[in-house]
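Novice: what's the 3D shape of this:
(chains A and B)
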Amino acid sequence: AQSVTQLDSQVPVFEEAPVELRCNYSSSVSVYLFWYVQYPNQGLQLLLKYLSGSTLVKGINGFEAEFNKSQTSFHLRKPSVHISDTAEYFCAVSDHGGGADGLTFGKGTHLIIQP
Amino acid sequence: KAGVTQTPRYLIKTRGQQVTLSCSPISGHRSVSWYQQTPGQGLQFLFEYFSETQRNKGNFPGRFSGRQFSNSRSEMNVSTLELGDSALYLCASSLGAGGDNSPLHFGNGTRLTVT
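Specialist: This is a model prediction of the structure:
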């Protein structure tokens, strides 16, 4: 079984400042890693995914994430945030073998952009 | 291309009743997954259907069931509702079955309130 830990439940950041949302995972097998964003009263939208290859993954809306196998981390970063980035961000993991647990999500990090 | 459509958006039921939620996946997607989202437990995997067969199931009681039709549309049923079933129920579709690298595309969810 796999698990995901998002270390911060809430991250306040000033507009145009950089941000990093932390995610650590545990799994006994190789994994796929994802970041999803949820805006109020909406479903989740895929920001980016790591499947294999380059450890630096670029996604939509200027976000990127780096896969670090030794530290079992997949932190999400953006160099300059905008008010519209205010949302809930979820890190998720799926094992390669189509495990019975579906996609395992972290508890989420609420990104609050302050003007 | 139309996204994942979930109906209804909001639902209020009383304890002991049963409820059926509907999900229409993106055209061409054969996999439909269901997730329950609550403030306390976060996002939890309910089950996944692929080509009308339940492929994976999360750790939920038998009161939670689902099915998928030949056109890939899916329904989720909860019987004998309890107060703790109040949640946002999210449906997600993907091209392939769980465990491959097909990202999930989420609907906006059905907000179920049990009184």
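
Novice: I'd like to know which elements the lowest-mean-pLDDT helix or strand in chain B is packed against.
Specialist: Least confident helix or strand, chain B: strand B:53-57 with a mean of 89, by mean pLDDT, DSSP states H and E. If you count contacts as 3 or more Cβ pairs under 8 Å, 6 or more residues apart in numbering or on different chains; DSSP states H and E, strand B:53-57 packs onto strand B:42-50, strand B:64-68. To be clear about C-beta, it is placed using only N, CA and C from the backbone, and glycine gets the same treatment.

Novice: What mean pLDDT does the longest one get?
Specialist: This points to strand B:42-50. Strand B:42-50 shows a mean pLDDT of 92.

Novice: what's it in contact with?
Specialist: A:90, A:101-108, B:30-38, B:54-60, B:64, B:66-68, B:74, B:76, B:89-90, B:97-98 (Cβ atoms under 8 Å, 6 or more residues apart in numbering or on different chains).

Novice: what about burial for those residues, which qualify?
Specialist: A:90, A:101-108, B:30-37, B:55-58, B:60, B:64, B:66-68, B:74, B:76, B:89-90, B:97-98 (16 or more other Cβ atoms under 10 Å in any protein chain shown).

Novice: Could you list the low-pLDDT ranges of chain B?
Specialist: Along chain B, the model assigns pLDDT under 70 to residues B:1, B:97-101.

Novice: what does it put close to chain A?
Specialist: B:4, B:6, B:33, B:35, B:42-43, B:45, B:47-48, B:55-58, B:90, B:92, B:97-101, B:103-109 (Cβ under 8 Å from any Cβ of the partner chain).

Novice: Distance across stretch B:27-45, terminal residue to terminal residue?
Specialist: With Cα to Cα, to the nearest Å as the measure, stretch B:27-45 spans 23 Å from end to end.

Novice: wait, what's in contact with the residue nearest the centre of chain B?
Specialist: When Cα atoms, centre = their mean is applied to chain B, the residue found nearest the centroid is residue B:34 (3.0 Å). Residue B:34 is in contact with B:23, B:45, B:46, B:47, B:48, B:66, B:74, B:76, B:89, B:90, B:91, B:92, counting by Cβ under 8 Å, 6+ apart.
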